[in-house]
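Sharing a model prediction with you, sequence too.
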Amino acid sequence: MSVERKVVIVTGGSQGIGEAVARRLAADGYRVAVIASSDIRKAQRVAASIREAGAEAEGFVCDVRNAVAVGELVASVRQAFGRIDALVNAAGVFKPTPAGEARLADVDQMIDINLKGTWNMINAVAPTLKENGAGRIINVASVAGLTGFGTYAIYCATKAGIVLMTRALACELGRLNINVNCVAPGNTSTAMNEDIRNDASMQGLRDFMASRTPSPRTFSQPEDIAGAVSFLASDAARAMHGSCLLMDEGISAGL
């Protein structure tokens, strides 16, 4: 089947990296199910703009922490599009958890969304991909899943879990012609870090970040990460199983 008829689910697709991924894969020819976490209007806005550009997309809403809701989402996407060929897990949250001061709610939220949410989506989509005899699963990890960052231990742990989940699933699903890979962004310009990028009080942190970044850009653009996902979703990446593409402006190279 040509890519023009394939269907991809993009969680976190209503903003940030997920939105850029949804737009890029639509431009590549995928039919896109754009998933928002709680406000379907956000997903519908992105889907509508994709349709205006001449591609096919529909908006959905789902709390990926809820396995039952995830199962209902997958059924709804199959009903709307007739099939599912790929999944991009871009839903995630990023909060500090300094030891001795961390809020339990922040700890639980990151584990539930970043790690369990990624698993819930894969677990729900896997039967369809097995039925197809082929598929792509692309997880969004982080450079923080490959190297430590102080005061972000839980975020690092959830993203490291995604990297190892990706590798284990590649071993499990590769022989079924299902490619499972991940991309690990570094600092990327999204609403999640708008305060760091713009607040005058954060200038010291920005200077420190710039000093530790080999690239002249401290922050990547979401479209940069979407380009990596586009590659992993394409036949050009058919030999890749369990790989993690670093897109971190070189931060991890010099630490």
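Noted; the coordinates are in hand.

next SSE after the helix or strand encompassing residue 121?
Using DSSP states H and E, residue 121 sits within helix 118-132. Of the helices and strands lying after helix 118-132 in sequence (DSSP H and E), the nearest is strand 135-140.

Just the angle for that next one relative to helix 118-132, thanks.
Angle of strand 135-140 versus helix 118-132, following axes from the mean of the first three to the mean of the last three Cα atoms, to 10 degrees, is 160 degrees.

residues making contact with strand 135-140?
Residues from elsewhere that reach strand 135-140, judged by Cβ atoms under 8 Å, 6 or more residues apart in numbering: 8, 12, 17-18, 84-90, 92, 118, 122, 125, 128-129, 162, 165-166, 169, 173, 177-183, 185, 225, 229, 232-233. In this view, the C-beta of every residue, glycine as well, is placed from N, C-alpha and C.

Stretch 141-157 too?
By Cβ under 8 Å, 6+ apart, the surrounding residues in contact with stretch 141-157 are 94-99, 102, 106-107, 110-111, 114, 158-163, 166, 182-186, 244, 246, 248, 251-252, 255.

ditto for stretch 166-183
Contacts with stretch 166-183, where a contact means Cβ under 8 Å, 6+ apart, come from 122, 126, 129-130, 133-141, 162-163, 225, 228-229, 232, 237-238, 240-245, 247.

If I take the lengthiest helix in the chain and strand 135-140, what angle do their directions form?
Selection of the longest helix in the chain by residue count, based on DSSP state H, yields helix 153-173. Between helix 153-173 and strand 135-140, the angle comes out at 170 degrees (the same axes, to 10 degrees).

Now helix 153-173: buried residues?
Buried positions in helix 153-173, judged by neighbour count with 16 or more other Cβ atoms under 10 Å: 153-163, 165-167, 169-170, 173.

Contacts only, for the most centrally placed residue in the chain.
Closest residue to the average C-alpha location of the chain: residue 90 at 2.0 Å, with Cα atoms, centre = their mean. By Cβ under 8 Å, 6+ apart, residue 90 lies in contact with 10-13, 16-18, 21, 140.

make it 6 Å
Counting by Cβ atoms under 6 Å, 6 or more residues apart in numbering, residue 90 touches 11-12, 17-18, 21, 140.

between these, which is closest to residue 200?
Nearest to residue 200, judged by Cβ to Cβ, of the contacts of residue 90 is residue 17 at 26.0 Å.

and that closest one, backbone torsions?
Residue 17 adopts backbone torsions of phi -60, psi -40, taken as degrees, to the nearest 10.

try residue 38
According to degrees, to the nearest 10, residue 38 has phi -150, psi -20.

hmm, back to that, direction included, what does the next helix or strand after the longest helix of the chain pair against?
From helix 153-173 onward toward the C-terminus, using DSSP H and E, the following helix or strand is strand 178-185. As defined by DSSP bridges, the strand partners of strand 178-185 come to strand 135-140 (parallel), strand 244-247 (parallel).

Show the average pLDDT along the next helix or strand after the last one.
Reading on from strand 244-247 to the C-terminus, the next helix or strand found by DSSP H and E is helix 251-254. For helix 251-254, the mean per-residue pLDDT is 87.

Check which residues of helix 251-254 are buried.
Quick answer for helix 251-254 (16+ other Cβ under 10 Å): residue 251.

Stretch 69-87 now?
Across stretch 69-87, burial judged by 16+ other Cβ under 10 Å covers 70, 73-74, 77-78, 81, 84-87.
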